[in-house]
Each structure stands twice: as structure tokens, then as C-alpha cells.
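Chemist: Have a look at this prediction, sequence included:
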2 protein chains.
Amino acid sequence: MKLADYSPAPPDEADKSKIKEETEHLLQTIQERQKMLYAQGKYSLLVILQGLDAAGKDGAINDVFSGLNLLGIGVTAFKAPSELEKSYDFLWRVHREVPARGMIRVFNRSHYEDVLVPKVEQWVDEETVTRRYAHINHFEQLLADHGTVLLKFYLHKSQEEQLKDLTERVTNPQKYWKHNDGDWQIIPKRDLYLDAYEQIFAHCSEVAPWHIVPANKNWYKSYCIAKQVAATLEALPLAWPSLG
Amino acid sequence: MKLADYSPAPPDEADKSKIKEETEHLLQTIQERQKMLYAQGKYSLLVILQGLDAAGKDGAINDVFSGLNLLGIGVTAFKAPSELEKSYDFLWRVHREVPARGMIRVFNRSHYEDVLVPKVEQWVDEETVTRRYAHINHFEQLLADHGTVLLKFYLHKSQEEQLKDLTERVTNPQKYWKHNDGDWQIIPKRDLYLDAYEQIFAHCSEVAPWHIVPANKNWYKSYCIAKQVAATLEALPLAWPSLG
């Protein structure tokens, strides 16, 4: 598959106010189902958010997950690995953060960074990357066997929109804290990153497929994610546990 | 101090609808300040919730903290220590869960359980308990020196209300999952637990004071907690960071 074949914009027929209303309903469904997921303590949900800088991962988390019962949900944001983390295999720090039974965990970036940056920057050879794809698939199967449902989202945003949002980080004082010189250095490498993502979709969709989310507009992005999360929770055989 | 001197009921003059309205304003303040706390990445907030079974800790978390930006907040629920956890000192598993700079962390139970159950059940001698008080104070000072503000709440509920809520766990099918035989065995030991809490308040208030929250009514309980959290966040010298 080619990312170029996917539109980062909402479909023409999408009506913003209707979509926002539908999103509200989806969020209510998610809230209701989360209560039962937590009470039952049998299944768990791991949501993986990937995308280039300023693709809108933080905003998606805020929009879709911030209203849930905090007891049953948490976020892990993966940054560049520390020296300590680098002294272990690349899945070590990830494994510690997976959701326990009953829980939802959102990964803001994930183990997929380890087949992106090191690949594009050629810090590792192609054989290592290929082996990592296999390790990821085995790891995700391990989680799935334990009752963890994986939902993987790629937030797909046009370069034009991305540059607009990166620029806001140096013009809006309330966004200064998000600015990072490194984000600008990556812009010329956009195509290499998109290629690396296409490789990921090709090699790591066995256990759980990737959802390509049009991310140019926040209201449509959050709707798409909420829709998948709600459908996933509705498909699970959840039930209130019996006494004792 | 004696817990018997504190009323678990809201004060007579408290007007429920007014209090709920005020709570809404406080939650908005907390949301606004959390954004800056997170962006600045300088201070952190550790909220410790303690109280007997069915005192309303879960509900307080849901009411006061569930609306915040998930990227900057998380909950840790401490249960009876596992075999692995027991093979370390009692603060080991707690230290791993403290909030990093910029973050809010809510502890649903905490290291204070280790000077409660083992003390009341006499699994450890009084000298050990006394040494643990000192360890807790030193540990909390370490966190405070790093910019972590501690807020410690004891949820104070009458035995009558507690029994009502425990009974609901065996009569309401949507609450069955909260039922635990052990909770009933502790009822006759109520006074021993209250004594142990009074000892905690006497020995572990150096770094951060304890707030005794009237917990008979959820609307008043959540209001008291929200008020302290808002005041704490407003007192911190938060600011949007500058560029670079």
C-alpha cells in the first residue's frame, strides 16, 4: 500500500457538526463499555498512536480518552530511549507499560519508533530492521493471547498542515513548550519516513491491522479513532461479573 | 488529634446545589492549571487518597481527576503487595510510581497501608512501625526537594454509611465486582484502624499535612478535594515556558 493513495483530508461529504455530534455519542459508548471492561478484568485494550511530528497525537488522546475513568486508563509517551533503556532490547521498556487485564493503555509513540528513526538514519542495517518486524509480531501475539486487543492508528497529515502546526509552536507562546529544533530537521526526510511507515504496514499487520486516519482536521481525526475504539469495545464479550 | 472530633457529614450550612456549582468551577481551574504544570515540566503533584474500605476513593478519583488531560495524569492503585514486592523494602514499589516533573499522580492507597494493616494485625512490632514513619517522612522530603507537592487526604466516613455502601456491593449486580469478603472481616476492627490513622497523622505530617475529608456525601467529599487541589495548583509559580 502507498500512503499517497490515502487522503489526509476528511471526505467531501463529511459534515463537521454532524460528525462532532456522532463523536459525542461514540465517546459515551466508550465510557459505558470501559466501566464493564474494568469491572470484568478479563480483557485489555492497547491503543498505539503513531504519526510524524505535529500529526496530532496529543490532541487525539485529549479528545478521545480524557473523559474516561482514570482508574482504568493510562498513557505512556515514549521518547528517545535513555542510556539505561538502550542497554536493554528495544521491547523491554515497552513490555513494562502494556495494559493489565481490565485496563486501557494508550501509547503515544511506541515500539514502532524503533523501526523508523534507526532505519531512516541508518543506525541499524536492514537485517536488523527485518528481525525487529518479526520480534514485534511475536510480541503483539503474546499480548493478544493474554486477552489484549491492539488498535494501531497512523495519523496521516499533509505536509502543508504539518508545517502550519509546527510554525504555531514558534509563534504561539502557549505552544512554545512543544517546539523542538529536531522536528524541523526531519522535514526534508518526509518521504523516507513515509516509506518506512509503508514497510511497517506491510510487515506488521498480522496480529492487528493498521488504521490510517485522515488527520488534517482534528474533528475528523478524533471521530475516526473514537469510532474504532467504540466498535472494538462493543465487539468484546464484556459482562458484569457475578458475585464471589 | 482524634478522628471522633471530626464530622464525616457535610456541615449543616452546606447547600448541595451551590457546592456542586462551586466544584465545577474548581474543576475548570484545575484543568487550566494542569495544562501549564505539564507544559512547564518543573513541578509535580502527588495526591494520596486513604480511607477505610468503601470510603469513596474510586469515586473521588472519578469526580475530581477524570476530566484532566490524560497525558499529564495517571493513577496507581496499590493492593496487597505481591511476593515479588514483598521481597523489597516497603517503599520500593511506591518510588517507581511517583510523578515525574510536570505530572500529576494519584495514589489510590499508598505507602501508608504499610503502617496500617501490618500494625493492626501485629505482623510487625511497634519499633518497625516507628521506623517506617521515619522512612516515610524522609521519602516524602526527597520528593518535595525535587519539586513534588504532596496532598494527603483521609476520607472520613461514618460506620453507618460504610455499611450501607458495602451492602450495595452484594445487592447491586453492577457492584458485585467490588465485593471482597475481607472487607467485612475488618468491620469489627474499625477502632483499631482509626487509632492507627491517628498515629499516622501524629507522626507523618511533617512534609505535608493530612486533610480530613468528610466523606459521607460524595458531592461534599469531591468538593473538599477539588478545593485543595485547585488551591495547591494556584499557589505554584507556574508559567508558560519561553522558547528554546
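Modeler: Sure, I can see it.
Chemist: what's the lowest-mean-pLDDT helix or strand in chain A packed up against?
Modeler: Lowest by mean pLDDT, DSSP states H and E among the helices and strands of chain A is helix A:181-186, with a mean of 88. Applying 3 or more Cβ pairs under 8 Å, 6 or more residues apart in numbering or on different chains; DSSP states H and E, one finds that helix A:181-186 contacts helix A:159-171. C-betas here are computed from N, CA, C, even on glycine.
Chemist: The residue nearest the centre of chain A: which element?
Modeler: By Cα atoms, centre = their mean, the mean C-alpha position of chain A lies nearest to A:Leu49, the distance being 1.0 Å. In this structure, A:Leu49 is located in strand A:44-51 according to DSSP states H and E.
Chemist: Let me see the mean pLDDT of the next helix or strand after that strand.
Modeler: Heading C-terminal from strand A:44-51, the first helix or strand you meet, by DSSP H and E, is helix A:57-65. The average pLDDT within helix A:57-65 is 97.
Chemist: State the phi and psi torsions of the closest residue in space to A:Ala39 that isn't next to it in sequence.
Modeler: Residue nearest to A:Ala39 in three dimensions, not counting chain neighbours: B:Trp177, with 4.1 Å by Cβ to Cβ, 6 or more residues apart in numbering or on different chains. Main-chain dihedrals, B:Trp177, degrees, to the nearest 10: phi -60, psi -20.
Chemist: Near B:Trp177, how many other residues are there?
Modeler: With neighbours defined by other Cβ atoms under 10 Å in any protein chain shown, the count for B:Trp177 comes to 19.
Chemist: residue contacts, it?
Modeler: B:Trp177 is in contact with A:39-41, A:240-241, counting by Cβ atoms under 8 Å, 6 or more residues apart in numbering or on different chains.
Chemist: now, among those residues, which is nearest to B:Val98?
Modeler: A:Gly41 (25.6 Å; Cβ to Cβ).
Chemist: circling back to that earlier point, just the angle between the strand holding A:Leu49 and helix A:159-171, please?
Modeler: 90 degrees (axes from the mean of the first three to the mean of the last three Cα atoms, to 10 degrees).
Chemist: Each with direction, which strands does strand A:44-51 pair with?
Modeler: strand A:104-108 (parallel), strand A:148-156 (parallel) (DSSP bridges).
Chemist: wait, which of those strands is closest to B:Pro10?
Modeler: The nearest among the strands paired with strand A:44-51, by Cβ to Cβ, is strand A:104-108 at 33.8 Å.
Chemist: List the buried residues for the closest one?
Modeler: A:104-108 (16 or more other Cβ atoms under 10 Å in any protein chain shown).
Chemist: Please report how far A:Phe153 lies from A:Gln50.
Modeler: A:Phe153 sits 7 Å away from A:Gln50, going by Cβ to Cβ, to the nearest Å.
Chemist: now A:Arg33, nearest residue through space, not along the chain?
Modeler: Here the residue nearest A:Arg33, using Cβ to Cβ, 6+ apart, is A:Leu233, at 3.7 Å.
Chemist: so what pLDDT did A:Leu243 get?
Modeler: Per-residue pLDDT puts A:Leu243 at 88.
Chemist: tell me the SS of it?
Modeler: Secondary structure assignment for A:Leu243 (DSSP: H, G, I helix; E, B strand; the rest coil): coil.
Chemist: Can you pull the phi/psi pair for it?
Modeler: Phi and psi for A:Leu243, reported as degrees, to the nearest 10, are phi -80, psi 130.
Chemist: which bits of chain A sit near chain B?
Modeler: A:39-41, A:58, A:61-62, A:65-71, A:73-75, A:77, A:106, A:108, A:170, A:173-174, A:176-179, A:240-244 (Cβ under 8 Å from any Cβ of the partner chain).
Chemist: Generate a ChimeraX selection restricted to the buried subset of those.
Modeler: To isolate the buried ones among these in ChimeraX, judged by 16+ other Cβ under 10 Å, type:
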select /A:39,40,58,61,62,65,66,67,68,69,70,71,73,74,75,77,106,108,176,177,178,179,241
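Chemist: and stretch A:45-61, how far from the chain's centre?
Modeler: From the chain centre to the centre of stretch A:45-61 is a distance of 4 Å (Cα atoms, centre = their mean, to the nearest Å).
Chemist: what's the answer for stretch A:158-175, then?
Modeler: Taking Cα atoms, centre = their mean, one finds the center of stretch A:158-175 at 21 Å from the center of the full chain.
Chemist: Give me the buried positions along stretch A:139-147.
Modeler: For stretch A:139-147, a neighbour-count test (16+ other Cβ under 10 Å) marks A:139-140, A:143 as buried.
Chemist: Count the neighbours of the nearest residue to the residue nearest to the centre of chain A once chain neighbours are set aside for me.
Modeler: Leaving aside its sequence neighbours, A:Leu49 sits nearest to A:Lys57 (Cβ to Cβ, 6+ apart; 4.6 Å). Summarising burial for A:Lys57: neighbours were counted as other Cβ under 10 Å, giving 23.
Chemist: A:Lys57 reaches A:Ile48, doesn't it?
Modeler: No. Using Cβ atoms under 8 Å as the test, A:Lys57 is too far from A:Ile48 to be in contact (10.2 Å).
Chemist: could you point out which element follows the host helix or strand of A:Phe201?
Modeler: A:Phe201 is part of helix A:190-203 when elements are defined by DSSP H and E. Using DSSP H and E, the next helix or strand after helix A:190-203 towards the C-terminus is strand A:210-214.
Chemist: Contacts for stretch A:193-208, please.
Modeler: A:1-4, A:50, A:52, A:112, A:115-116, A:119-120, A:129-130, A:133, A:136-137, A:140-141, A:143-144, A:149-152, A:154, A:186, A:210.
Chemist: Correction: the previous question concerned stretch A:48-62.
Modeler: When contacts are defined by Cβ under 8 Å, 6+ apart, stretch A:48-62 is touched by residues A:75, A:106-110, A:112-113, A:150-157, A:162, A:165-166, A:169, A:180, A:183, A:186, A:190, A:193, A:197, A:215, A:218, A:221-222, A:225, B:69-71.
Chemist: let's go with 7 Å and repeat that
Modeler: Stretch A:48-62 is contacted from outside by A:75, A:106-110, A:112, A:150-155, A:157, A:162, A:165-166, A:183, A:186, A:193, A:215, A:218, A:221-222, A:225, B:69-71, using Cβ atoms under 7 Å, 6 or more residues apart in numbering or on different chains.
Chemist: For the helix ranked longest in chain A, buried residues please.
Modeler: Of all the segments of type helix in chain A, defined by DSSP state H, the longest one is helix A:16-40. Residues A:19, A:23, A:26-27, A:29-30, A:33-40 are the ones in helix A:16-40 that count as buried (16+ other Cβ under 10 Å).
Chemist: For that helix, name the packing helices and strands.
Modeler: For helix A:16-40, the packing partners by 3 or more Cβ pairs under 7 Å, 6 or more residues apart in numbering or on different chains; DSSP states H and E come out as helix A:218-235.
Chemist: what angle sits between the helix it packs on and strand A:210-214?
Modeler: Between helix A:218-235 and strand A:210-214, the angle comes out at 150 degrees (the same axes, to 10 degrees).
Chemist: Now do helix A:218-235 and helix A:16-40, the angle between them.
Modeler: Relative orientation of helix A:218-235 versus helix A:16-40 (the same axes, to 10 degrees): 40 degrees.
Chemist: With only the CA atoms kept, save helix A:218-235 in PDB.
Modeler: Output of helix A:218-235 as PDB, limited to C-alpha atoms (Å, rounded to 0.1, in the frame of the first residue of the first chain):
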ATOM      1  CA  ASN A 218      -8.900  17.400  14.300                       C
ATOM      2  CA  TRP A 219     -12.700  16.800  14.400                       C
ATOM      3  CA  TYR A 220     -12.500  14.100  11.700                       C
ATOM      4  CA  LYS A 221      -9.300  12.500  13.200                       C
ATOM      5  CA  SER A 222     -10.900  12.200  16.600                       C
ATOM      6  CA  TYR A 223     -14.100  10.800  15.100                       C
ATOM      7  CA  CYS A 224     -12.200   8.100  13.200                       C
ATOM      8  CA  ILE A 225     -10.300   7.000  16.300                       C
ATOM      9  CA  ALA A 226     -13.400   7.100  18.600                       C
ATOM     10  CA  LYS A 227     -15.300   5.000  16.000                       C
ATOM     11  CA  GLN A 228     -12.800   2.300  16.000                       C
ATOM     12  CA  VAL A 229     -12.400   2.300  19.800                       C
ATOM     13  CA  ALA A 230     -16.100   2.100  20.300                       C
ATOM     14  CA  ALA A 231     -16.600  -0.700  17.800                       C
ATOM     15  CA  THR A 232     -13.700  -2.600  19.400                       C
ATOM     16  CA  LEU A 233     -15.200  -2.300  22.900                       C
ATOM     17  CA  GLU A 234     -18.700  -3.200  21.600                       C
ATOM     18  CA  ALA A 235     -17.300  -6.300  19.900                       C
END
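Chemist: All good on my end, thank you.
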